[in-house]
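Asks: pasting the sequence and the predicted coordinates here, then a few questions.
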Amino acid sequence: MTHHLEEIEAIKRLKYKYLRCVDSKMWDELAECFIPDATTSFSSGEYSYQGVDAIINFLREGLNPNMLSMHHGHHPEIELTSDTTATGTWALEDYVIMTDLNMSLHGAAFYHDEYVKVNGEWKIKSTGYDRVFEEIWNRGDIPSLKVTKSMHALPNPE
Amino acid sequence: MTHHLEEIEAIKRLKYKYLRCVDSKMWDELAECFIPDATTSFSSGEYSYQGVDAIINFLREGLNPNMLSMHHGHHPEIELTSDTTATGTWALEDYVIMTDLNMSLHGAAFYHDEYVKVNGEWKIKSTGYDRVFEEIWNRGDIPSLKVTKSMHALPNPE
Amino acid sequence: MTHHLEEIEAIKRLKYKYLRCVDSKMWDELAECFIPDATTSFSSGEYSYQGVDAIINFLREGLNPNMLSMHHGHHPEIELTSDTTATGTWALEDYVIMTDLNMSLHGAAFYHDEYVKVNGEWKIKSTGYDRVFEEIWNRGDIPSLKVTKSMHALPNPE
């Protein structure tokens, strides 16, 4: 039997891969994180999707090349509920630069996730978050503000 | 004997619960994180309190419903000093929207904590932090800036 | 043989010490984190240095007393590649207040590190990051913005 600390580490790794793929826009690798009939309930249910294809389509469109995003997950509180199921609460900080609209979004939230172990690998069964707060602003209000580097295409003009 | 990695995971979980309760304004659950005669030394000793009631009162008042807060703890360096005592250093990033004053606070700090295991459960004996920096600004300087979502009451007007 | 979870915890601790020393400007303790011929490739290779002395000199100069910095590392994905070698991917958020230039820098990146165990202690063999984004602004665009606290010398005037 695998030690429960190894299961917890494996679930953290799943979440870290998920978050890395989101900000790297690696959509095929991101899809590997979910079971086929996974569900989401982002932003207190405003963005609810069912099935990995619908989820990936939502994220790919919402985080299209005009979006430079940071999604950081903190404070994992993982509970193993059986040998093959688990729940997790995380704190999220996200920051998104919308280069086309010249807007920024900054937020904090708590994720509530369900995980399931399939063929020895932990996958996301459901994920969602409730907003502690979300704030937005027009980047033009800070005239000197500009993006200076990115692994993604840089906005033009900036 | 419990393995030391399990003790470290349990202490991290204690801190994560503490931080989750702070930003969720769950004051009763927050009180469970402390021993009765716990002490704090927040902001390099500016906010020093003794006893769990004084600590919770300070936090409940300081983070009243006008405050939308994010407190994220990173980089745990936990040292077990005996079977029932431990110390911990953490990096903090905090961000607070003061909806009544229309101000924001952003800071970074290092926590220095002491923990004690009582009846098999780790509790906070002392906690405090030293500021790497703290900065504040009037949100009115960014005219378009507004809070768009919160699990707490939304500021009015915004 | 040490359990692999202990090795992973030790490598995380190395990174946390590194990040703590960077923001605390503890350059001698920071040097302990590296092997003598370590290399860096910060900001997609823009800041490439070889040898611990060159690395520390770069960081000490770049993060001189005019700089108040926050470097937070998240999402550790550590792979043990042998008993004495490992690789790691991390998410970085950094925020730097340049008090002399009255500028701020905010960024997100992915670290790609190599570690090596020497005389029973994990050390950084190479470290570097690729920017998800980096943005800068003139703090004077937000007239009320001021630094209110720091463990380092406070900017003057502020």
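Replies: Ah, there it is. Residues are numbered from 1 along each chain as shown, chains lettered A, B, ... in the order given.
Asks: tell me where chain A has strands.
Replies: A:34-42, A:47-50, A:67-80, A:85-98, A:103-118, A:121-138, A:146-149 (DSSP state E).
Asks: okay, those strands in JSON lines with mean neighbour count and distance to C:T84 next?
Replies: Using the backbone N, CA and C atoms, a C-beta is placed for each residue, glycine as well. Output for those, formatted as JSON lines (neighbours: other CB atoms under 10 Å in any protein chain shown; distance: least, CB to CB, whole Å):
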{"stretch": "strand A:34-42", "mean neighbour count": "18", "distance to C:T84": "36"}
{"stretch": "strand A:47-50", "mean neighbour count": "15", "distance to C:T84": "45"}
{"stretch": "strand A:67-80", "mean neighbour count": "20", "distance to C:T84": "28"}
{"stretch": "strand A:85-98", "mean neighbour count": "20", "distance to C:T84": "32"}
{"stretch": "strand A:103-118", "mean neighbour count": "20", "distance to C:T84": "31"}
{"stretch": "strand A:121-138", "mean neighbour count": "20", "distance to C:T84": "28"}
{"stretch": "strand A:146-149", "mean neighbour count": "16", "distance to C:T84": "34"}
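Asks: geometric centre of chain A: which residue is closest?
Replies: Computing the C-alpha centroid of chain A and ranking residues by CA atoms, centre = their mean puts A:L19 first, at 4.8 Å.
Asks: wait, isn't it in contact with A:G73?
Replies: Yes - with contact defined as CB atoms under 8 Å, A:L19 reaches A:G73; the gap is 5.3 Å.
Asks: joint contacts of those two?
Replies: Shared contacts of A:L19 and A:G73 (CB atoms under 8 Å, 6 or more residues apart in numbering or on different chains): C:H75.
Asks: tell me which residues are up against stretch A:56-66.
Replies: Applying CB under 8 Å, 6+ apart, the contact partners of stretch A:56-66 are A:22, A:25, A:27, A:30-31, A:40, A:47, A:49, A:69, A:96, A:98-101, A:152-153, A:155.
Asks: of those, list those near chain C.
Replies: Filtering those for proximity to chain C by CB under 8 Å from any CB of the partner chain leaves A:S69, A:H152.
Asks: who does the residue lying closest to A:V132 once chain neighbours are set aside form a beta bridge with?
Replies: Take A:V132 and drop its neighbours on the chain: the residue closest to it by CB to CB, 6 or more residues apart in numbering or on different chains is A:A108, 4.2 Å away. On the basis of DSSP bridges, A:A108 is bridged to A:E93, A:F133.
Asks: show me the contacts for A:A108.
Replies: By CB under 8 Å, 6+ apart, the contact set of A:A108 is A:A91, A:L92, A:E93, A:D94, A:R131, A:V132, A:F133, B:D23, B:M70, B:Y95.
Asks: quick check: pLDDT value at the nearest residue to A:A86 once chain neighbours are set aside.
Replies: Spatial nearest neighbour of A:A86, excluding adjacent residues (CB to CB, 6+ apart): A:Y115 at 4.4 Å. As summarised for this prediction, A:Y115 has a pLDDT of 98.
Asks: and if you look at A:Y111?
Replies: A:Y111 is assigned 97 on the pLDDT scale.
Asks: confidence score at the closest residue in space to it that isn't next to it in sequence?
Replies: Using CB to CB, 6+ apart and skipping the chain neighbours, the partner closest in space to A:Y111 is A:W90 (4.0 Å). A:W90 carries a pLDDT value of 98.
Asks: so who does A:W90 touch?
Replies: Counting by CB under 8 Å, 6+ apart, A:W90 has contacts A:K15, A:G73, A:H74, A:H75, A:P76, A:E77, A:F110, A:Y111, A:D113.
Asks: now with 10 Å?
Replies: If you count contacts by CB atoms under 10 Å, 6 or more residues apart in numbering or on different chains, A:W90 has them with A:12, A:15, A:19, A:72-78, A:109-113, A:127, A:129, B:16, B:20.
Asks: does the helix or strand of chain A with the lowest mean pLDDT reach chain B?
Replies: The weakest-scoring helix or strand in chain A, judged by mean pLDDT, DSSP states H and E, is strand A:47-50 (a mean of 92). No - using CB under 10 Å from any CB of the partner chain, strand A:47-50 never reaches chain B; the gap is at least 11.9 Å.
Asks: residues of chain A that sit close to chain B?
Replies: So chain A meets chain B at A:3-5, A:8-9, A:43-44, A:46, A:72, A:74-78, A:89-93, A:103-110, A:130-142 (CB under 10 Å from any CB).
Asks: hey, least reliable of the strands of chain A by pLDDT?
Replies: Across the strands of chain A, the lowest-scoring stretch is strand A:47-50, with a mean of 92.
Asks: who does that one pair with, and is each partner parallel or antiparallel?
Replies: strand A:34-42 (antiparallel).
Asks: got the angle between the strand it pairs with and strand A:121-138?
Replies: Orientation note: strand A:34-42 sits at an angle of 30 degrees relative to strand A:121-138 (axes from the mean of the first three to the mean of the last three CA atoms, to 10 degrees).
Asks: now strand A:34-42, how far from the centre of its chain.
Replies: How far strand A:34-42 lies from its chain's middle: 12 Å, per CA atoms, centre = their mean, to the nearest Å.
Asks: now do that strand against strand A:103-118: the angle between them, please.
Replies: 140 degrees.
Asks: would you mind writing the CA trace of strand A:34-42 as CSV?
Replies: The C-alpha trace of strand A:34-42 is given here as CSV (Å, rounded to 0.1, in the frame of the first residue of the first chain):
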residue,chain,number,x,y,z
PHE,A,34,-9.0,15.5,-15.9
ILE,A,35,-11.2,12.4,-16.1
PRO,A,36,-13.4,12.4,-19.2
ASP,A,37,-16.6,13.5,-17.3
ALA,A,38,-14.9,16.0,-15.0
THR,A,39,-16.8,19.1,-14.0
THR,A,40,-15.9,22.7,-13.1
SER,A,41,-17.6,25.4,-11.1
PHE,A,42,-15.2,28.4,-11.5
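Asks: show residues contacting that strand.
Replies: Here strand A:34-42 makes contact (CB under 10 Å, 6+ apart) with A:14, A:18, A:31, A:47-56, A:58-59, A:62, A:92, A:109, A:111-116, A:118, A:123-131.
Asks: same thing but 7 Å
Replies: The contact list for strand A:34-42, computed with CB atoms under 7 Å, 6 or more residues apart in numbering or on different chains, reads A:47-52, A:55, A:116, A:118, A:123-129.
Asks: so of these, which two are at opposite extremes in space?
Replies: Farthest apart among these by CB to CB are A:Y47 and A:V118. That separation is 24.5 Å.
Asks: what residues does chain A put near chain C?
Replies: Contact residues (CB under 7 Å from any CB of the partner chain) of chain A with chain C: A:5-6, A:9, A:13, A:16-17, A:19-20, A:23, A:68, A:70, A:72, A:74, A:97, A:142-151.
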